[in-house]
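> Structure for the following, please:
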Amino acid sequence: MSSSNTDKRLDDFSDRIEILEGELRREIERNCGSRLVEWDSALDCLMIGFGPAIAMYIEARIKGKLIPITPEQFERIESIMNGWLEIYAKYYGEDIEANFSIREASLLFLETHDIQDVAEMLTKIPKKKINQ
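Residues are numbered from 1 along each chain as shown. Down below sits the predicted model:
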């Protein structure tokens, strides 16, 4: 693979990280301090940020098209994923401090092919928690 091709892939990867970070910041600002309990929104946050972060890691590390991501990019992707998991938990009225491995989340996704199952396994928050 040529150096310019690798550089282009790294630039694209950096751009995608920035987009996901921006979406996460907007979501945090929009819901600052509130405890949200809304099933559709919980699913939405998995689709908007959690899933794409995992997909980026899989693309970079597991698909066979290894992108030489930097340690900083790796930390940013993992931080984005954990931020979205914290928002996911908020939608169920739970406060968690997510500190999960993106590698573990990616492997769980490759096993289950279900982003909701991965979120449930990591957070221990059932998909459809019944409010009492």
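> drop to CA atoms for contacts and neighbour counts, all remaining ones
Fine.
> pLDDT on stretch 73-93, on average?
Mean per-residue pLDDT for stretch 73-93: 92.
> quick one: the helices in the chain?
Using DSSP state H, the helices of the chain run over 3-30, 39-45, 51-57, 71-90, 102-112, 115-123.
> Columns mean neighbour count and distance to residue 96 on top of those helices, output as JSON lines?
Shown next, in JSON lines, are these (neighbours: other Cα atoms under 10 Å; distance: least, Cα to Cα, whole Å):
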{"stretch": "helix 3-30", "mean neighbour count": "14", "distance to residue 96": "14"}
{"stretch": "helix 39-45", "mean neighbour count": "16", "distance to residue 96": "14"}
{"stretch": "helix 51-57", "mean neighbour count": "21", "distance to residue 96": "18"}
{"stretch": "helix 71-90", "mean neighbour count": "21", "distance to residue 96": "6"}
{"stretch": "helix 102-112", "mean neighbour count": "17", "distance to residue 96": "16"}
{"stretch": "helix 115-123", "mean neighbour count": "19", "distance to residue 96": "8"}
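> mean pLDDT lowest for which of these?
For the helices of the chain, mean pLDDT drops lowest on helix 39-45, to a mean of 77.
> Can you spell out which helices and strands pack onto that helix?
Contacts defined by 3 or more Cα pairs under 8 Å, 6 or more residues apart in numbering; DSSP states H and E place helix 39-45 against helix 71-90.
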